[in-house]
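**Q** Predicted model follows, preceded by the sequence.
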Amino acid sequence: MSAKIDFLFSEPDNVEIIRDEIAVILSAEFKKQYKMACDKNLEDCEDFNVKVYLEDDRPFALPDGDDDSIFPFVNVNLNDMQQIGKSGGIADKKKYEASFYIDCYTCGNFGEASRKDSVKANILAWKIARVVRNILMSGHYAYLGYRGMVLGRNIPSIKSGNMSGMESAAFAVSIARVEFKVSFAERSICEKGVPLEGVKFKIDDKVGEVLVNP
């Protein structure tokens, strides 16, 4: 049997574009949140100095051992996508719902005299998850910049937990997982259509951080 497809599948699927857009939105908005917190001279302004990572299976891999300087940060991960609604014709656009995990990592040091380190880490994890929720559910991002492709979005759950295997570390690590669901239309493989412009950003080769307008 000879191959019949005569064009290259080099363009990202819509779900990949959406995933990248989520990371870019969070990176840009957290930078602005941090600037506003510093301008107001808030005591907890560093809580808003949040780095953003994309599809990093090991965002917690520390280059210099027990170093808590990378905290706090979030990692955006595409969990799954499922078709929703009726299938329609072979060449019709299909409707899907994608689930994204946005994990908010925080830590507290044993050296913190004011409160137990795990308490500080847990409170901060929920605080960052709250900011993530407010950013992504803002009216400014109702369609994540892709009206016509993105049909809707919601946050069905936020769950918290602790890093396993960190009992002997010099700091406590907590995670708050924001589940972000997006319904969208995906192009048919039979449809060439008008290509969408992908999200422009850069990933730092050394630490993996998402950089907007580097």
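**A** Structure received. Numbers count the residues shown, from 1 in each chain.
**Q** Now Arg153: which helix or strand?
**A** strand 150-162 (DSSP states H and E).
**Q** Summarise which helices and strands that strand is packed against.
**A** Contact analysis of strand 150-162 by 3 or more C-beta pairs under 8 Å, 6 or more residues apart in numbering; DSSP states H and E lists helix 117-136, strand 171-186 as its packing neighbours. Using the backbone N, CA and C atoms, a C-beta is placed for each residue, glycine as well.
**Q** Tell me which of the ones you listed lies nearest to Tyr105.
**A** Tyr105 lies closest, by C-beta to C-beta, to one member of these: strand 171-186, at 5.7 Å.
**Q** Given the strand or helix carrying Glu97, what are its sheet partners and their directions?
**A** Per DSSP H and E: Glu97 is located in strand 94-109. Within its sheet, and counting by DSSP bridges, strand 94-109 is paired with strand 73-83 (antiparallel), strand 171-186 (antiparallel).
**Q** re earlier: and the contacts of the strand holding Arg153?
**A** Outside strand 150-162, the residues that touch it by C-beta atoms under 8 Å, 6 or more residues apart in numbering are 18, 95, 118, 122, 125-126, 129, 133, 136-137, 141-144, 172-185.
**Q** Go again with 6 Å.
**A** 125, 129, 133, 143-144, 174-184 (C-beta atoms under 6 Å, 6 or more residues apart in numbering).
**Q** doesn't Ser174 make contact with Gly108?
**A** No - using C-beta atoms under 6 Å, Gly108 makes no contact with Ser174, being 7.8 Å away.
**Q** Need the overlap of contacts for these two.
**A** The contact sets of Gly108 and Ser174 overlap at Ala121 (C-beta under 6 Å, 6+ apart).
**Q** of the two, who's got more company?
**A** Neighbour comparison, Gly108 and Ser174: the larger count goes to Ser174, with 27 against 23 (by other C-beta atoms under 10 Å).
**Q** Return the residues in contact with that one.
**A** By C-beta under 6 Å, 6+ apart, the contact list for Ser174 reads 106, 121-122, 125, 162.
**Q** can you do 10 Å?
**A** Counting by C-beta atoms under 10 Å, 6 or more residues apart in numbering, Ser174 makes contact with 71-72, 104-108, 117-126, 128, 160-163, 166.
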